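**Student:** Generate coordinates for the sequence data below:
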Amino acid sequence: MSEPVDVAPKPHVAHEVHHEELGFWRKYVFSTDHKVIGIQYSVTGLLFLLFGFCLMMLMRWQLAYPGVPLPLIGSLLGEARMPGGTMLPEFYNELGAMHGTIMVFLGVVPLAVGGFGNFVVPLQIGAPDMAFPKLNMLSYWSLFLGGITMLGSFFVPGGAAQSGWTSYTPLSVIAGTGQTWWLIGMIFLITSSLLGALNFITTIIQLRAKGLTFMRFPFFVWAQFVTAFLLLLAFPPLEAAGVMQLMDRVAGTNFFLPSGLVVSGQALTNVGGGNPLLWQHLFWFLAHPEVYVLILPGMGIVAEIIANNTRKPLWGYRSMVYSLIFVGFMSFIVWAHHMFMTGMGTTMAAFFQTTTMIISIPSVVILTALIISLWGGSIRFNTPMLFAVAFLPMFGIGGLTGLPLGLNIADIPLHDTYYVIAHFHYVVAPGTIFALMAGIYYWYPKATGRKMNETLGKIHFVGSLVCMNAIFMPMFIIGLAGVSRRLFDAGAAYAFAQPTMHWNVVSSWGAWTLAIFQIPFIFNFFWSIRKGEKVGDNPWQATTIEWSAPSPPPHGNFVHAPQAYRGPYEYSVPGAGKDFVPQYEA
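**Tutor:** The predicted structure is shown next:
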């Protein structure tokens with residue numbers, strides 16, 4: 001294995017452009033600098049990931065030991081939620097709905113798109129900032145307001161939303177006040193994503209460095225570019241649906257409430273003419289592209305790290321780019337594979353089965369290209385590379401187990417079981433989140449000028465890899481036994497679920513142990529800001545343009561405007577004097 005030879009930090013010429021010195025609030029809080037906004041997104045996303053993880057750990061106690069009082073903190077959560085420390089079904093539903101919402105919309109998306117996209121993309125394309133800096137600031141603060149609204153919903157009468165992260169109608173329309181807060185929060189979150197998507201598309205097209213043609217983009221830039229189009233085109237239907245459901249709740253409209261609805265023996269009078277399935281169509285038209293909003297930035301991060309740490313170009317770069325574009329297009333015509341149970345008919349079921357099988361092909365192309373890129377490489381197994389390599393089989397498991405769910409005949413018995421949870425979480429947790437962790441370790445030196453500690457990073461990696469599989473692999477067994485995903489007692493009331501109950505104990509202990517292994521990461525993250533090893537501008541000996549900027553980058557990013565002279569991954573070029581030839585060197 002070859003190790004990078006770090007270059008000592010060099011003093012930089014003062015940045016040429018004079019700019020107004022900003023006070024604390026405008027520099028760090030209401031900033032228009034893409035780097036500060038990227039860090040704001042990242043820290044906010046990490047905090048919400050931690051909070052959503054804590055909600056899940058509460059759920060895991062109830063699933064492992066149903067009806068047993070939660071020690072220590074159970075009594076602190078109040079008699080209305082946990083009388084005597086024992087979880088009520090209503091509180092379990094709150095935890096389930098808010099865990100899913102927070103992890104997806106307030107955790108992974110802000111970190112993957114808002115955090116890495118904002119910080120890295122302008123640097124990788126040689127831009128001084130985003131195209132619309134004030135719009136960028138507004139995008140972050142819309143997310144922040146949405147997050148505060150979601151958190152506030154826990155404190156309203158009746159608690160937070162209880163209708164699942166999908167908020168299916170008509171249940172969600174007649175639910176408590178927390179659902180109204182959920183809808184308002186979602187409108188803020190969707191607005192944030194739309195503003196960010198417009199900004200990314202404009203920035204990537206208009207602010208590229210001289211010589212940086214589209215086929216010279218780093219793969220990460222392509223991933224963010226396609227993701228921005230998915231956000232721009234898929235989120236408006238959900239925003240419209242959110243407004244319509246809000247109107248059903250507060251203004252007496254009937255977009256989703258059908259005639260003849262009876263609740264607790266009482267016929268509802270303000271209903272009629274609505275269609276509950278309309279919500280499902282509008283929601284899943286967003287939510288399947290949303291899966292790729294989560295995974296594509298992760299693929300982009302993994303591609304950067306694999307190319308850098310194998311010291312060779314990405315295998316099949318053009319095929320990977322075309323696959324990205326194709327998967328983005330196809331993601332809009334597969335949504336109803338989530339709705340086979342609605343009785344859509346054999347013709348439509350056949351169409352969505354077919355498109356679902358087709359959309360797996362470009363994902364396999366990208367995954368295969370990344371695996372082949374490892375072949376013959378002089379691999380450096382640093383912490384970013386460990387997370388990036390682990391992403392490949394974890395995402396592979398998630399993808400392969402999703403194929404039966406895309407087939408009508410297999411989806412019907414598996415629908416709404418723990419099998420679905422296991423499949424989706426393999427894509428998002430040990431899949432996407434591993435990629436995001438790889439990105440944090442990889443670009444941390446660019447943001448801070450210091451490296452994170454390798455020993456702590458490897459402890460974090462090994463513990464996370466083992467525990468993630470301990471959590472989610474048993475769920476396949478539970479799901480194949482037919483246990484429903486939303487039973488607050490894990491199926492204890494059903495005879496057929498009894499043989500699977502002990503697997504919930506394994507999953508829960510995996511989750512609690514995973515929490516312990518996040519402590520080295522949290523300590524490493526903050527300790528390294530002050531005490532981490534100081535590094536130069538290009539500690540990984542990488543080839544893309546962001547590594548020509550000082551670490552951390554100043555206002556305007558670059559001392560001199562960069563120019564692209566070649567492709568992004570010129571590693572181990574025959575006849576070159578070193579094993580990497582940067583894009584920005586003539």
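
**Student:** any idea what sits nearest the residue nearest to the spatial centre of the chain, other than its immediate chain neighbours?
**Tutor:** In the chain, the C-alpha nearest the mean C-alpha coordinate belongs to Val108, at 2.7 Å (Cα atoms, centre = their mean). Nearest residue to Val108, sequence neighbours excluded (Cβ to Cβ, 6 or more residues apart in numbering): Leu294, at 5.2 Å. To be clear about C-beta, it is placed using only N, CA and C from the backbone, and glycine gets the same treatment.

**Student:** Please apply the same query to Pro362.
**Tutor:** In space, Pro362 is closest to Ser323, 3.6 Å off (Cβ to Cβ, 6+ apart).

**Student:** Next one, pLDDT for that neighbour please.
**Tutor:** Note on Ser323: pLDDT of 97.

**Student:** Ok, Ala369 next?
**Tutor:** So, for Ala369, pLDDT stands at 97.

**Student:** Over to Phe24?
**Tutor:** 83.

**Student:** Based on its surroundings, how many neighbours for it?
**Tutor:** 7 (other Cβ atoms under 10 Å).

**Student:** do Pro71 as well
**Tutor:** 10.

**Student:** do the same with Thr269
**Tutor:** 7.

**Student:** can you tell me the helix or strand for it?
**Tutor:** Remark: Thr269 resides in no helix or strand, with elements defined by DSSP states H and E.

**Student:** these two touch, right, His337 and Leu405?
**Tutor:** Yes: between His337 and Leu405 there is a contact under Cβ atoms under 8 Å: 7.1 Å.

**Student:** neighbour-wise, which of the two wins?
**Tutor:** His337 (22 against 19).

**Student:** wait, what's in contact with that one?
**Tutor:** His337 is in contact with His288, Phe352, Gln353, Thr355, Thr356, Leu405, Gly406, Asp411, counting by Cβ atoms under 8 Å, 6 or more residues apart in numbering.

**Student:** Without its sequence neighbours, what residue ends up closest to the fifth one?
**Tutor:** If I follow you right, that is Thr356. Nearest to Thr356 is Gly406, by Cβ to Cβ, 6+ apart, at 3.3 Å.

**Student:** where's the dip in pLDDT among the contacts of His337?
**Tutor:** Per-residue pLDDT puts His288 lowest of those, at 91.

**Student:** Need the nearest residue in space to it, chain neighbours excluded.
**Tutor:** Closest to His288 by Cβ to Cβ, 6+ apart is Trp335, at 4.6 Å.

**Student:** Quick check: that neighbour vs Phe51, distance?
**Tutor:** Trp335 sits 29 Å away from Phe51, going by Cβ to Cβ, to the nearest Å.

**Student:** do the same with Leu392
**Tutor:** Leu392 is 29 Å from Phe51, by Cβ to Cβ.

**Student:** Repeat that for Gly479.
**Tutor:** 26 Å.

**Student:** who's more crowded, these two?
**Tutor:** Gly479 (23 against 19).

**Student:** Was I right to think the more buried one contacts Asp416?
**Tutor:** No: with contact defined as Cβ under 8 Å, Gly479 does not count as touching Asp416 (9.4 Å).

**Student:** Please enumerate the shared neighbours of these two.
**Tutor:** Arg485.

**Student:** can you give me the strands for this protein?
**Tutor:** 262-263, 266-267, 450-451, 533-534 (DSSP state E).

**Student:** If you count contacts, what does the second one end up packed against?
**Tutor:** Same thing as strand 266-267. Here strand 266-267 touches no other helix or strand, going by 3 or more Cβ pairs under 8 Å, 6 or more residues apart in numbering; DSSP states H and E.

**Student:** Show me how far that strand is from its chain's centre.
**Tutor:** Mean C-alpha position of strand 266-267 versus that of the full chain (Cα atoms, centre = their mean, to the nearest Å) differs by 41 Å.

**Student:** strands paired with it, and their directions?
**Tutor:** strand 262-263 (antiparallel) (DSSP bridges).

**Student:** The strand it pairs with - what's its average pLDDT?
**Tutor:** Strand 262-263 comes out at a mean pLDDT of 86.

**Student:** can you check stretch 385-404 too?
**Tutor:** On average, stretch 385-404 scores 96.

**Student:** and that stretch, which residues are buried?
**Tutor:** Under the neighbour-count criterion of 16 or more other Cβ atoms under 10 Å, stretch 385-404 has 385-399, 401-402 buried.

**Student:** Same check on stretch 120-136?
**Tutor:** Applying 16+ other Cβ under 10 Å to stretch 120-136 flags 120-133, 136 as buried.

**Student:** Which one of those residues is nearest to Pro474?
**Tutor:** In terms of Cβ to Cβ, no member of these lies closer to Pro474 than Val120, at 35.9 Å.

**Student:** thinking again about what came up before, now render the contacts of His337 as CSV, adding distance to Phe155.
**Tutor:** As requested, the contacts of His337 are exported to CSV (distance: Cβ to Cβ, whole Å):
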residue, distance to Phe155
His288, 33
Phe352, 41
Gln353, 44
Thr355, 43
Thr356, 41
Leu405, 36
Gly406, 40
Asp411, 38
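
**Student:** Can you tell me which of the residues you listed lies closest to Gly265?
**Tutor:** The closest of the contacts of His337, once distances to Gly265 are taken by Cβ to Cβ, is Asp411, at 33.8 Å.

**Student:** pLDDT weak spots in the stretch 101-250 of the chain?
**Tutor:** The model of the stretch 101-250 of the chain has no residue with pLDDT under 70.

**Student:** follow-up on the earlier one: is the residue nearest to Val108 in contact with His425, as I believe?
**Tutor:** No: counting by Cβ under 8 Å, His425 is not a contact partner of Leu294; they are 11.5 Å apart.

**Student:** Find the nearest non-adjacent residue to Met339, please.
**Tutor:** Gln280 (5.6 Å).

**Student:** so how far is Met103 from the one you found?
**Tutor:** Distance from Gln280 to Met103, by Cβ to Cβ: 21 Å.

**Student:** do the same with Ala303
**Tutor:** 24 Å.

**Student:** quick one: contacts for Gly260?
**Tutor:** Ala267, Val271.

**Student:** Okay, it and Gly272: tell me how far apart.
**Tutor:** Using Cβ to Cβ, which is the criterion applied here, Gly260 is 8 Å from Gly272.

**Student:** hang on, Val327 packs against Ser360?
**Tutor:** No: Val327 is not in contact with Ser360 according to Cβ under 8 Å; the separation is 9.2 Å.

**Student:** Of these two, give the one with the bigger neighbour count.
**Tutor:** Taking other Cβ under 10 Å, Val327 and Ser360 do not tie; Val327 has more neighbours (24 against 17).
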